[in-house]
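Undergrad: Requesting a structural model of the entry that follows:
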Amino acid sequence: MSVLDAFPTRPLRANRIGISSLTGWFVILVGFAIAGGVAWWQAADLWRDYKISHNYEIADDARISNGECKTRKFIFTDCSATIIAPDGARTRVEMMFVDMHTGDYETGVVRSREDARLLTLELGVEKISDRILIFLAFVGGFAALGIAGFAMLLKASRLKRAVAEPVVMRPVVAKVLTQARTWLNQTIKYEYSLDGKTRKATSVLKKKETPFFIDTEERHVLAVVPQTTSTPILLDAGLEMLDLTDQERTAVRAAVSPVQDDIRVDRSTRW
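TA: Next up is the predicted model:
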């Protein structure tokens with residue numbers, strides 16, 4: 001008897017679902033906070049320099065003060081400077097771009113021919129395309145991270161509703177893709193086959209827990225999919241995620257032989 005056949009067919013209640021709402025809120029906070037921070041830092045300067053780049057001229061009567069560029073990770077460069085106009089007005093300029101440049105930058109001041117009050121660094125105009133791409137990549141990337149956090153919360157909410165009452169669980173064999181531990185918990189990414197489709201999922205276990213491995217190489221684990229959803233619950237080694245009886249836990253453990261010969265077979269069509 002395989003571990004799939006040994007799994008109980010009665011409706012079961014889930015004690016935990018393996019999706020952390022706290023992690024979802026953290027991802028939302030980090031994603032949108034960084035996206036908003038980059039937008040607040042760069043958007044105004046980028047919009048001003050974009051307008052200047054369409055029609056500009058050298059401003060020989062303006063000066064640069066406190067100019068500085070820093071390169072991080074060899075390619076990410078951010079520059080800042082204060083531009084002093086002929087009438088003494090000061091404009092603080094901040095910019096970020098990707099460049100393999102080494103050594104100092106030489107640049108001057110340019111102004112818009114359409115609005116002489118708009119001043120910026122010539123370097124910023126020359127790098128305007130790179131700056132726009134980097135801005136979109138950072139803001140878009142971290143905003144996407146925040147959206148992924150929302151998706152995590154929605155998935156957790158749907159799964160909680162699906163197991164609010166005892167429900168029949170479909171056992172599936174899953175292949176571990178990655179397993180990462182933190183000071184608080186561990187995250188396991190895995191793929192499984194359901195109704196002829198290969199799907200991927202991520203579950204969170206407690207720091208000292210391990211998944212219910214069904215092979216000696218610890219590459220395949222046991223998960224269950226509630227009848228009313230396609231989102232799986234990864235089972236822990238103690239089989240405490242579900243309200244199994246002691247006899248049911250014993251039967252499932254006994255069905256795991258040292259070498260599982262049928263772990264590649266999709267036998268999860270049974271309810």
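
Undergrad: now the strands: where do they sit in this protein?
TA: Ranges of strands in the chain, per DSSP state E, are 56-58, 63-72, 76-84, 90-98, 109-112, 119-121, 169-181, 185-194, 197-206, 220-226, 233-234.

Undergrad: quick one: the fourth one to strand 76-84, angle?
TA: By that I understand strand 90-98. Relative orientation of strand 90-98 and strand 76-84, computed by axes from the mean of the first three to the mean of the last three C-alpha atoms, to 10 degrees: 160 degrees.

Undergrad: quick one: buried residues of strand 90-98?
TA: Burial within strand 90-98, assessed by neighbour count using 16 or more other C-beta atoms under 10 Å, is assigned to 91, 93, 95, 96, 97, 98. The C-beta positions use only the backbone N, C-alpha and C, and glycine is treated the same way.

Undergrad: Equivalent analysis for the fifth one, please.
TA: Within strand 109-112, the residues scored as buried using 16+ other C-beta under 10 Å are 109, 110, 111, 112.

Undergrad: What mean pLDDT does that strand get?
TA: Summarised as a single mean, pLDDT over strand 109-112 is 94.

Undergrad: Dump that strand to CSV, restricted to CA.
TA: Extracted C-alpha coordinates of strand 109-112, given in CSV (Å, rounded to 0.1, in the frame of the first residue of the first chain):
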residue,chain,number,x,y,z
VAL,A,109,24.7,72.8,-15.7
VAL,A,110,22.0,73.0,-18.4
ARG,A,111,18.7,74.9,-18.4
SER,A,112,15.5,74.5,-20.3
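
Undergrad: so where's the chain uncertain?
TA: Applying pLDDT under 70 to the chain flags the ranges 1, 257-271.

Undergrad: 50 instead, please
TA: The model of the chain has pLDDT under 50 over residues 258-271.

Undergrad: For it, just list every one of the helices.
TA: In the chain, the helices defined using DSSP state H lie at 3-6, 21-53, 122-126, 128-162, 246-254.

Undergrad: Nearest to residue 207, out of those?
TA: helix 21-53 (13.5 Å; C-beta to C-beta).

Undergrad: So for the closest one, what gets flagged as buried?
TA: Judged by neighbour count (16+ other C-beta under 10 Å), helix 21-53 contains these buried residues: 23-24, 27-28, 31-32, 34-35, 38-39, 42, 45-46, 48-50, 52-53.

Undergrad: need the contact list for the residue positioned nearest the centre of the chain.
TA: By C-alpha atoms, centre = their mean, the chain has its centre lying nearest to residue 145, at 4.6 Å. Residue 145 is in contact with 27, 30, 31, 34, 35, counting by C-beta atoms under 8 Å, 6 or more residues apart in numbering.

Undergrad: Roughly how far does the first one sit from residue 151?
TA: It stands for residue 27. 9 Å (C-beta to C-beta, to the nearest Å).

Undergrad: Over to the third one?
TA: Residue 31 sits 11 Å away from residue 151, taking C-beta to C-beta as the criterion.

Undergrad: hey, C-alpha coordinates of stretch 15-26 in CSV?
TA: C-alpha atoms of stretch 15-26 as CSV (Å, rounded to 0.1, in the frame of the first residue of the first chain):
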residue,chain,number,x,y,z
ASN,A,15,-5.1,22.8,12.4
ARG,A,16,-2.9,25.0,10.3
ILE,A,17,-2.7,25.9,6.6
GLY,A,18,1.0,26.7,6.1
ILE,A,19,0.4,30.2,4.7
SER,A,20,1.4,33.1,7.0
SER,A,21,-0.8,36.2,7.0
LEU,A,22,1.9,38.0,8.9
THR,A,23,4.3,37.3,6.1
GLY,A,24,1.8,38.6,3.6
TRP,A,25,1.4,41.9,5.5
PHE,A,26,5.2,42.2,5.9
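
Undergrad: Give me the contact list for it.
TA: 149-150, 152-153, 155-156, 159-160, 163, 185, 203-205, 231, 233-234, 240-243.

Undergrad: tell me the contacts of residue 51?
TA: Contact partners of residue 51, counting by C-beta under 8 Å, 6+ apart, are 112, 114, 115, 118.

Undergrad: No further queries at this time; thank you.
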